[in-house]
Structures are given as C-alpha cells and as structure tokens.
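Participant: Whatever this is, show me its structure:
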Amino acid sequence: MGQCMGIRTKLLLSIILLLVISFSILLFTTIISVDAFISKQIDSEIAETLRYLQHQFYARAETTRDALLQPVSALPVKQRFVAQDRPWLSDALRRWHANLPFIDFLTIIDSDQHVFLRRYAQTEGGEYGMPDLVKKVFKEKRPLITTEIMSRELLAREMPPSRLYMSLGKNSDSAMVITVIVPILGSQGEVIGAVIAGDILNGDTSLSLHLRNLFGDAKHVTVTQNGTSIVSNRHVEGYLFNISQQGLDQLAAGQSYAGEVNIEGSPHRTSFLPILNGKGVLVGSLSVAVDMASYRNIKDESTRNILASAVLAIILSFGIAFFVSRRLAEPLRCLAKGVCMIEAGDLNQQVEVDSGDEVGQLSRSFNSMAKALAERDATIVAKTEALQQLNGLLEKKVAERTKRLQLEMGMLETILTCMVEGMVATDRENRVIQFNPAAQKFFDTVPHRVLGRTLSELTTIEGFVQLERITAGAISREPGLPQLETLLDVKNRRLRVSVAQLVDSDDSIAGLILSIREVTPEEEVDRMKADFISTVSHELKTPLTSIKGALQFIMNKSKWLTSTERELMTVCQRNTDRLIRLITDILDISKIEAGKCEFVYKPLSVTELINSAIDEIKGFAIGRGITVINNAPIDLPRIFGDYERLAQVLSNLLSNAVKFSPEHKVVLVNAAISGSFVVLSVIDGGAQIQWSDREKLFRKFQQLERDDMGSRGGTGLGLAICKEIVERHHGKIFYETGATGGNCFSFTIPVCEGYHEG
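Facilitator: Numbers count the residues shown, from 1 in each chain. Here you go, the predicted model:
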C-alpha cells in the first residue's frame, strides 16, 4: 500500500486548486461582464441616436404642420376658401411657402377631394392622388403626418419640371415624400377642404449635410427608400445587402431590427427602424450603425490585464501557502499523536502549546479535554439518574394533560349535542367527521349513515346534494376568505347554511364547518310583516288619493287664495304626491316579494325598450341640461321578459342617472350580448358612490346622500324594486364604477330562445 499524502501536501494542493478555480471564475465572469457592459453601452448609444434621428426625420414635418395650423384655422382663410377667391389664396400659398422654404409643393383641395389650387402647377380640378389618406384626415378632422412613396406622374402635377428633375433625376420613377395634410374646418366644425404639403427627401443634399453636422463620421446614419439609401451622412455601397435575411424579413414586416453588419470590411452594430406609410406598409427605414472595433480593443486590453494579474497573484499566493503550511503542519502532527494515545486508553496526554492562534487554541482544548474525560464519567452517571426522574415527571404531566383533553372533548361533545343549530364538520377530503343531533333532526338521518363518508357519497339523502355543491365551492377557494351563506329547503324546512373554512398552521384548508339554522319561523314573521305593510299601505292610498283630488280642486279655484295660502297648498300637494309614490312603491315591492305580481313574458325588442325609457325621462333630462344617448347596437337579439316591468327598471336607472349627474353632462345607455343574456347598462357622469355605501344600494328604504349634491328625495325603494324585477327574469343587477369616472348600473335579461346564438 502506498504512503498517504500528509496534511501539508493536501493543504498546498487545496490552496493551489482553490486559487486556480477562483481566478478562473473571476476571469470568466469579468470577461462576460465587460462584454455585457460594452454591448449594453453600444445598444444604448444606438437606441439614443436612433430616437434622435427619428426626431430629426419628422422635425421639418412637425414644423410644417404647426406653421399651417394657425393660418388655416383663421377666419379670413376660411371665408376666402368658401368664396373660392383663388388670387387671394394663391398669394397665401406663396407667403406660406416663403416661411417654409424646404417644402417642395403646396396644394389646397376642397371637401370633395378635388384639387382647388396648387403652389406651382396651374392645373386644377380632378381628385387628389391620395384619396385614402385624405379621407382619413376628413374623418378624424385632425392633421396627419405620413411618409409616402409618390410616383413621378403624381409629383409632376404638384411641381414644375425643373424642381422635379432636381429631386428625382432622369431615371427615378418615385420619391419618398414626408406629407403633411391639415384639414380646413368650417364654422360648424365640418371639413371644407385641406392643405397638403410635401417634403421630398430624394436628392435633398441639405438633409445629408444636416445629418453629417449632427452625427459626424463616427456613426453611420441612413434613410432608405425600399432598400436604397437616399439620405446619409456617409456613402457606403451595398450597405443594406449585408443584413441577414431574417433582418430583411423583419423590416419588410414593419418590425424594427438590430444586429451586426459589415461596413467597408469592419464589423458594425446596427439598428433599423421601419418607416411605414399611412396604410401601415413599409416604404423605407431609418438606421444607425456604430463601429465595434474600438469597443473590442477595450475588451481585449481588459482581458490581457486580468490574465496578467491572475498569474502574478497565483505565484505570490503559492509562495505564501508553502511557508504557512509548513508552520501549521507540525503542531497538528503532535495533536494526532496525542489522540492516538487517548484512543489507546492513556488519558494523561498533554501537548506543548507555543502559539496563540487557532492551532494553539486547539492544543489547549485538547489538554482540557483529556483532563475532563475522567470527570465526565462521574457526571454521566449523575445525569442518568436525573434523566430517569425527569422522565417520571414528564409521564405524570402527560397523564394530566390527557385527562384535561378528554374533559374538554367531553364538554365540546355536550355543547354540540345541546346546540339548537345543526353542525356538520368535514375534513380536507370532504368526509363528514361531525354530525350533531340538531343536524340529524334537520336531515332525518342517523350518524352512522354519514360519518366517515364524503358528501358526494351522500347525495341520495335529501339536502346533501345542495351541501355537496356548496362545500365544493368553499373548499376550492383561497384560505381565509369570508364564510359563505345560502338557503336550503329540506323536508318542508327552510334552512340557512353558513360555511366556514378550517385553516391549519400551514395556512391550508384542513376542512369545513357547516352551521345550519332553521329560518322557517323567521320567514313567516317576515311574510306577516310584509302583509301588514302592504295592508296599511293599501288602506292609506285611498284617503291620500281623495286628499290629492281635493287639493287639486282647491288649486283650480286658486284665484280666491292669497299667495301664502297658494304656496301652502302647493307644498301639501307635493307632499301628498310623494306619499302616494312611496305607498305605490311599497305595494309594488310587496306584491313582487309575495309572488302576487303577474309578469307577462314575451319576446321584446331591446331598441324599442331603450327608446321608450329615454322618451319617458327626456323632459326631466332637458330640464337639467343633460343629454341621454342610446349607444346600444341595433342588431341585438330579442329578449324574453315583461315589457312594462323592464321599462320600469330602465326608467328608474335613467332617472337616478339624470338626477345625480351634474348639469350639462351626458348619460349613456349601452347594451351587449354576454352568453345567453343581454346586458343593459346606464352610465352617468356623477361622483362615484363610496365603498361604504355600495352594499346599501339594493336594500329597501336606503337613500344615499352625496357630498356633491346632498339628498335628492325619493322613497329608497327604486333599486330594491329593480332588483326584484330583474331577479324574477332570472337575471341579476349590479353596480360598477365607470371606465372614465361616474357610475355604471347594469342588469342582465335572458335572450329569447328563438334568437339565441349557439
């Protein structure tokens, strides 16, 4: 067997390996970091230059747009244009062109897109050569800046042959033109014409000189037309043809491209930005290229410096490690010898301590350990006896805690047995683990039929189908959410079920607790209360109607009344009307809740329903200066419902929207299809309802006071009646905040089956 390496040799080899690995990682990460930093700097410089180039590309067009906006919006220009004063407008074109000398052509067209006047050419009439762009400007009524490829034929109509030859030369059939179209609006906001200005880039030596002054020769900036350079600060032949096919495809698709190209035999980092015309079609590109040679020199120099530093550091570290390992190894050999003697049974070993470092501390610790070994033997015996006593005491406490736990479990069992409310508990697999006597009474079953079984296995027992559906939704929710409540009808009993989650220490659902309470007597009391309110309201309505008639009779004879008496009679009549409305609303909601209100369901037109409701509140809206707009599409399917009741819901929502919107605002009525329902929405421009008040919206006798408008009157029953009517149509009504402010009340009505899609 060969001799093993000593600790000194192992320490030296470990230090050398550690140094090599450390400096290799450092070298690798440093090179990567330098490379990433350089790439980031290049990309940042290119992006900043490209943004500035794009700004300069459209700077003259924006100047043209701003310079033309002021005169075309002036009254004299509009009046002269309407009067077709060509001499005056021709002089105006001359003045405008004097202020914009870089513009190559100026043309005025009328509202039919026919040429009215040109700056240079004398031809008039005929449709302008870019009808789609002009139509877009006329529709949007705002200026448009676009880059278009114009044919020589179209440009020949706009400018004299000499200027055309300077821009296109003899062989070019088209040119890239930055086109500015500014609409001329009449006194009513209608479009009566437009001014079109064009800046031809081909042959524009001033733009190339401007780019050279801005960017110099350090960067290569280029404007291309369909792959051909037309403006650049440097001339490079075949520049675009060095791009990869992927880059050319991206530019053709209208996407930006970044990559590397060779320019004059030198690698360059470049980025291209597509130029799209008004239809979104690629007509050219803007590009910036930066020479990477200087950046690569920086990277190579940094790599050489790091390598030289690493080699020097490894050599110095190896020399230091050699001398340190020699000093550390000798005391460790002495300690190893002492350990072998203790292993043989000699506990009186002591080593010489001649240093205060970690090795010296280890030697002192060894001496202390050898001295303490004998003492530890006696201590172990004493500790063993104490441990036996502690075990006896622990067993006694465990017995006491077990007895107390059994008592608490008995108390809990007694509480569950004596509870009037039913209690069902399930584990995380939805198995029933607790089923108290009250629950047994409600479901008319015994515990052994349900305990240990999942709720899905108990669906043959009446009521457990609904329980299984409720718990399935509760156990799939996030832990910590509020408890769920629902109503069940089981064996002629009305039961209210509350479902709460059991959350363990890991914040996961360990099971569910179902609290079941019979509410049949409570609903009977509510029914009796509703009947009483309905009876009292009905008895009050008759005398109030008589009072109203008497007041109207007296008011008709008001010529014998004083102004004070007439004012008091008006107040009495207004309050009588308010009481009658309140009683009518109470009777309506009582009939609906009691199921005594008949609903005549039939296919209905959504458009007719909305128009009817808008007509009903139109006078009220006009009085407050509010515009009500029907924004619903006309091709909606017919809905199935009671026309009068749905009109009552929509009229109530519109009345509230008008009532609580500031004056001179707009109220919108929207409608859309959502599955097998049509969603109707009323959106106002008032202040949004506070969070604390939103839960009161559909409760009876709840009125909200807005800080901005105070109380606007009402019975507090309108939204409650709307809720009952919508629910009788198997829909739902809800509140949302408006997308741009305000409030949005929406309700759903089922689509008529014959018109339902899918």
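Participant: what about the closest residue in space to A632 that isn't next to it in sequence, helix or strand, and which?
Facilitator: Among residues not flanking A632 along the chain, A671 sits closest, at 3.6 Å (CB to CB, 6 or more residues apart in numbering). C-beta here means a position set from N, CA and C on the backbone, and glycine is covered the same way. For A671, the host element (DSSP states H and E) is strand 666-674.
Participant: ok, and what's touching the helix or strand following that strand?
Facilitator: As assigned by DSSP H and E, the chain's next helix or strand after strand 666-674 is strand 677-683. With CB atoms under 8 Å, 6 or more residues apart in numbering as the test, strand 677-683 has contacts from 606, 610, 632, 636-637, 639, 650, 653-654, 657, 667-673, 731, 738, 742-751.
Participant: swap in stretch 200-220?
Facilitator: With contact meaning CB under 8 Å, 6+ apart, stretch 200-220 is reached by 49, 52-53, 56, 102, 104, 155, 166-169, 172, 175-178, 221, 223, 225, 230-234, 236, 239, 263, 268, 270, 287-291.
Participant: Repeat that for stretch 27-44.
Facilitator: For stretch 27-44, using CB under 8 Å, 6+ apart, the contacting residues are 258, 269, 271, 290, 292, 295, 298-299, 302-303, 306-307, 310.
Participant: try stretch 138-153
Facilitator: 58, 61-62, 65, 68-69, 111, 113, 129-130, 133, 136-137, 164, 168, 172-183, 185, 189, 191, 194, 198, 225-226, 275-278, 283-284.
Participant: Return the set of buried residues in that stretch.
Facilitator: F138, P143, L144, I145, T146, T147, E148, I149, M150 (16 or more other CB atoms under 10 Å).
Participant: of those residues, closest to A500?
Facilitator: Among these, L144 lies closest to A500 (CB to CB), at 62.1 Å.
Participant: Distance check, the closest one against C572.
Facilitator: As judged by CB to CB, to the nearest Å, L144 and C572 stand 65 Å apart.
Participant: again with L214
Facilitator: Taking CB to CB, one finds L214 at 83 Å from C572.
Participant: Check P161 too.
Facilitator: P161 is 90 Å from C572, by CB to CB.
Participant: more crowded one of the two?
Facilitator: Between P161 and C572, C572 has the larger neighbour count (other CB atoms under 10 Å), namely 16 against 8.
Participant: what about that one, helix or strand, and which?
Facilitator: Using DSSP H and E, C572 falls within helix 563-594.
Participant: Okay, buried residues for the helix or strand just after that helix please.
Facilitator: Sequence-wise, the next helix or strand downstream of helix 563-594 (DSSP H and E) is strand 602-604. The neighbour-count check on strand 602-604 (16+ other CB under 10 Å) flags L604 as buried.
Participant: May I have the strands that pair with strand 602-604, each with its orientation?
Facilitator: Paired neighbours of strand 602-604 in the sheet (DSSP bridges): strand 639-641 (antiparallel).
Participant: which residues are contacting the partner strand?
Facilitator: Identification of contacts with strand 639-641 by CB under 8 Å, 6+ apart yields 599, 601-604, 606, 609, 646, 678, 729, 749-753.
Participant: rerun at 10 Å
Facilitator: 599-606, 609, 646-647, 649, 671, 677-678, 680, 725-726, 728-731, 748-756 (CB atoms under 10 Å, 6 or more residues apart in numbering).
Participant: out of the contacts of strand 677-683, which are buried?
Facilitator: 606, 610, 632, 636-637, 639, 650, 653-654, 657, 667-671, 673, 731, 742-751.
Participant: give me phi/psi at I181?
Facilitator: Phi and psi for I181, reported as degrees, to the nearest 10, are phi -120, psi 120.
Participant: rewinding a little: list the contacts of the residue nearest to A632.
Facilitator: 606-607, 609-610, 630-634, 636, 639, 678-681, 746, 749.
Participant: Now go through those residues and say which are in helices.
Facilitator: Per DSSP state H, helices hold the following members of these: V606, T607, L609, I610.
Participant: chain center to the lengthiest helix in the chain, what's the gap?
Facilitator: Longest helix in the chain, counting residues (DSSP H): helix 7-72. Put simply, helix 7-72 sits 31 Å off its chain's centre (CA atoms, centre = their mean, to the nearest Å).
Participant: State the mean pLDDT of it.
Facilitator: The average pLDDT within helix 7-72 is 82.
Participant: now swap in stretch 417-433 and tell me
Facilitator: Mean predicted lDDT for stretch 417-433 stands at 80.
Participant: Pull out the buried positions in it.
Facilitator: E421, G422, M423, V424, A425, T426, D427, N430, R431, V432.
Participant: do stretch 609-628 as well
Facilitator: So, applying 16+ other CB under 10 Å, buried residues of stretch 609-628: L609, I610, S612, A613, I614, I617, A621, I626, V628.
Participant: Export the residues you listed to CSV and append columns for pLDDT, secondary structure and distance to S33.
Facilitator: Conversion of those to CSV gives the following (pLDDT from 0 to 100; DSSP: H, G, I helix; E, B strand; the rest coil; distance: CB to CB, whole Å):
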residue, pLDDT, secondary structure, distance to S33
L609, 92, helix, 69
I610, 93, helix, 66
S612, 91, helix, 73
A613, 91, helix, 69
I614, 92, helix, 68
I617, 88, helix, 70
A621, 88, helix, 68
I626, 91, coil, 64
V628, 91, strand, 65
